[in-house]
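# Okay, predicted coordinates and the sequence, questions at the end:
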Amino acid sequence: MDRTLRARLEKRFADKVSGPVRQRHDTTELRIGAADLTEVMTALHDEPDLEFVLLADLAGVDTGDHMQVVYHLWSAKTPDWLRVIADGLPRDNPRIATLTGLWPGAEWMERETYDMFGIIFEGNRDLRRIYMPPDYTSFPLRKDFYLPDDAARSPGGGVRHMERTHVPTQATERVIRRTVKA
Amino acid sequence: MTTFTDPIGQHASEDDPRVMLDNQIGAFEAVPPYPPRTEREAEFYSLRDGEMFINMGPQHPSTHGVLRVVLKINGEQVVDLDPVLGYLHRGVEKLCENSDYHHIISQVDPLEYVSSLFMEWAPVMAFEKLLDVEVPRRAEFIRVLTGELLRVSSHALYQGWMALDLGGLAPILYSFIERDEIVEMLAAITGQRMLFNYFRIGGVNGDLNHEFMSRLGDWMSRAAQQHEANIGLLNENEIFVRRMRGIGRVDKDTALRMVVTGPNLRASGVPYDVRRAHPYSIYPELEFDIPVRGTGPEGGDSLDRYLLRLDEVGQSLKIIDQCLHAMPDGPIMARLPRLLRPRPGRAWAAVEAPRGLYGTYAISDGTDQPFRMKIHDPSFVNLQLVGLVMKGNLMADTMAVMASLDPVMGGIDK
């Protein structure tokens, strides 16, 4: 855990963070509002004492209550991974700015997140489905998308029910059984 | 005397029975039968004078799985290209979110089927972070040992594929000698030749046994020599070198901005290796170098990417040697309950797989299944480079560049 990084981040992004800067194992976590994303990421990428030049991962998360986009970054200036959580995207219309201006390579990762969650990355030049067929209508990794079989149900069972078969028209209905505080 | 008439000459028309026009919209028609969805798609699927589309794949013999690439060409020159993914998509992330923690190891195994131990490693590490488990030292040594063996085998196979995609048939046969040795060795401890299902949360599934050790000893006694021989196999082949040199150049800044990782990034002059940048397992204790090539202003080309992997094999052999000498005794599994219910939390773990940074982001909600599990596959982002570097190159070089990036479609399509 890099304590100095935490102090630096808390000082630099004092007006941007929407929660405490957390640290666990080798990861430092910065939580921001989706509207500040471009500004924060540009600062993280460009400023000489931060220099997070490598975008290791971009993940969408559906907490059941709202959506998040989670970024993992690497910098030579710190031994920690930096996790940036862009929080609070509404589930019915999740929109966030693209990062393809900073990392053109984020294009496909954003396409994947759009394909799986329906999160719209404003400014991505090629935001179309990447895995699923073009005439597909729903977003498989959302929590209201249930698998049609229960073959994968675990012995711990009964925690998350999957017997509800997914029908595209039901996708917009709020049928989520469980939400997580992520 | 009959005279020959050109069927596609000026007299040919749709009514002409001699001309067969394929007006059916096939499943793999280059131009999609629906209006463009994005600006980029509209731009790509509009032709200028002299340009045409050609479909490569998804059953092309050298697309390393089922990748389809729509090439827009002008004569022999590639103007633009559009990779179409998804032919192997199985929804592994969704499957993982609906399986319990132990089951996931077998779900992620077939992602990158040529180096599947690494596919187990990152999720297992992430779950260990969620559970705050400490892995026994012997298990860590075994993980590194088997992982590096598999890296050697994966790079050997890469060497063969590379030559195969350029039309050389012999090297793949030599690669398989190497790979077969290693895979048989691993089969002795894991019971599988390909999808090992060997790592466990908190350790590994079985201890090293006599058959593994004797095979490994045999192999190690000639591995360095074999490595030298493999280097000579292609490095002095003039056709091979000429087709690789100067093609698909990627400079340092572009590589970082395209979020390329692994050997492809190091071949562009960035010394980034997860094993050193974020040391995990026992890597901090081991001595090895990070080979870097293409440090010039122009960056690295396909040949650099090829040579860098050969350098890495040398380093892997060094690591295997150190592991064997320092292997401690002790348990190979941490004590854990059968049913794992980590406390709610988030964890990210990344390993250096043969193709780059392979990572897992897991969110636990306190049940026995991860609430969300994201898998980051290096081939997926690395493949974006072809679209960037192929513009203006010859069509025949598409495969050479793509093969030099070493994508595995199982991982790309997830």
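Great, that's in hand.
# chain center to the longest helix along chain A: distance?
Longest helix in chain A by number of residues (criterion: DSSP state H): helix A:106-117. Computed by C-alpha atoms, centre = their mean, to the nearest Å, the chain-centroid distance of helix A:106-117 equals 10 Å.
# what about the following helix or strand past that helix, distance to the chain center?
Downstream of helix A:106-117, the first helix or strand assigned by DSSP states H and E is strand A:120-122. In terms of C-alpha atoms, centre = their mean, the centre of strand A:120-122 is set 12 Å apart from its chain centre.
# is any part of strand A:120-122 close to chain B?
No: applying C-beta under 8 Å from any C-beta of the partner chain, one finds strand A:120-122 separated from chain B by no less than 11.4 Å. C-beta coordinates here come from the backbone N, C-alpha and C atoms, glycine included.
# For the lengthiest helix in chain B, which helices and strands make contact with it?
Longest helix in chain B by number of residues (criterion: DSSP H): helix B:137-165. Counting contacts by 3 or more C-beta pairs under 8 Å, 6 or more residues apart in numbering or on different chains; DSSP states H and E, helix B:137-165 is packed against helix B:116-131, helix B:170-190, strand B:203-204, helix B:210-235, helix B:302-326, helix B:397-405.
# tell me the average confidence for it?
Per-residue pLDDT values across helix B:137-165 average out to 91.
# Same check on stretch B:390-404?
Averaging pLDDT along stretch B:390-404 yields 85.
# Is that stretch positioned near chain A?
No: between stretch B:390-404 and chain A, judged by C-beta under 8 Å from any C-beta, nothing touches; the nearest distance is 13.8 Å.
# what does that stretch rub up against?
With contact meaning C-beta atoms under 8 Å, 6 or more residues apart in numbering or on different chains, stretch B:390-404 is reached by B:54, B:56, B:62-64, B:69, B:71, B:73, B:76-81, B:161-162, B:165-166, B:243-244, B:247-248, B:302, B:305-306, B:383, B:386, B:389.
# quick one: secondary structure of residue 102?
In the absence of a named chain, this looks at chain A. When classified by DSSP: H, G, I helix; E, B strand; the rest coil, A:L102 comes out as coil.
# That was the other one, I meant chain B.
Look at B:H102: counting by three-state DSSP, its state is helix.
# how close does it sit to B:F199?
Noted for B:H102: a distance of 11 Å to B:F199, by C-beta to C-beta, to the nearest Å.
# So which of these two has more stuff around it?
The residue with more neighbours, out of B:H102 and B:F199, is B:F199; 28 against 18, by other C-beta atoms under 10 Å in any protein chain shown.
# Checking the residue positioned nearest the centre of chain A next. Helix, strand or coil?
Nearest to the geometric centre of chain A sits A:V69, at 1.9 Å (C-alpha atoms, centre = their mean). In three-state terms, and counting by three-state DSSP, A:V69 is strand.
# who touches it in this structure?
Neighbouring residues of A:V69 by C-beta under 8 Å, 6+ apart: A:34, A:37, A:58-61, A:85-86, A:89, A:96, A:113, A:119.
# 7 Å - rerun?
Counting by C-beta atoms under 7 Å, 6 or more residues apart in numbering or on different chains, A:V69 touches A:58, A:60, A:86, A:96, A:113, A:119.
# can you check B:Q322 too?
B:286-287.
# Okay, angle between the longest helix of chain B and helix B:210-235 too, please.
Interaxial angle, helix B:137-165 versus helix B:210-235 (axes from the mean of the first three to the mean of the last three C-alpha atoms, to 10 degrees): 30 degrees.
# and residue 38, how many residues sit next to it?
I'll assume chain A. By other C-beta under 10 Å, the residues close to A:T38 number 16.
# Sorry, I should have been clearer: chain B.
Residues near B:T38, counting by other C-beta under 10 Å, number 14.
# Can you check what pLDDT the model gives it?
84.
# now swap in the one 10 residues further on and tell me
Confidence at B:R48, expressed as pLDDT, is 82.
# Am I right that it is in a strand?
No: with three-state DSSP as the criterion, B:R48 is assigned coil and is not in a strand.
# Next one: it from A:D126, what distance?
Distance, B:R48 to A:D126, by C-beta to C-beta: 20 Å.
# Looking at the two, which has the bigger crowd around it?
Per other C-beta under 10 Å, whichever of B:R48 and A:D126 has more neighbours is A:D126, with 19 against 8.
# How about that one: what's its closest non-neighbour residue?
In space, and not counting its chain neighbours, A:D126 is closest to B:R40: 3.9 Å by C-beta to C-beta, 6 or more residues apart in numbering or on different chains.
# Now do the same for the one you found: helix, strand or coil?
Secondary structure for B:R40, judged by three-state DSSP, is helix.
# And B:P284, by the same measure?
helix.
# ok, it - how many residues close by?
When counting by other C-beta under 10 Å, one arrives at 9 neighbours for B:P284.
# Could you do B:L394 as well?
The number of residues packed near B:L394 is 15, by other C-beta under 10 Å.
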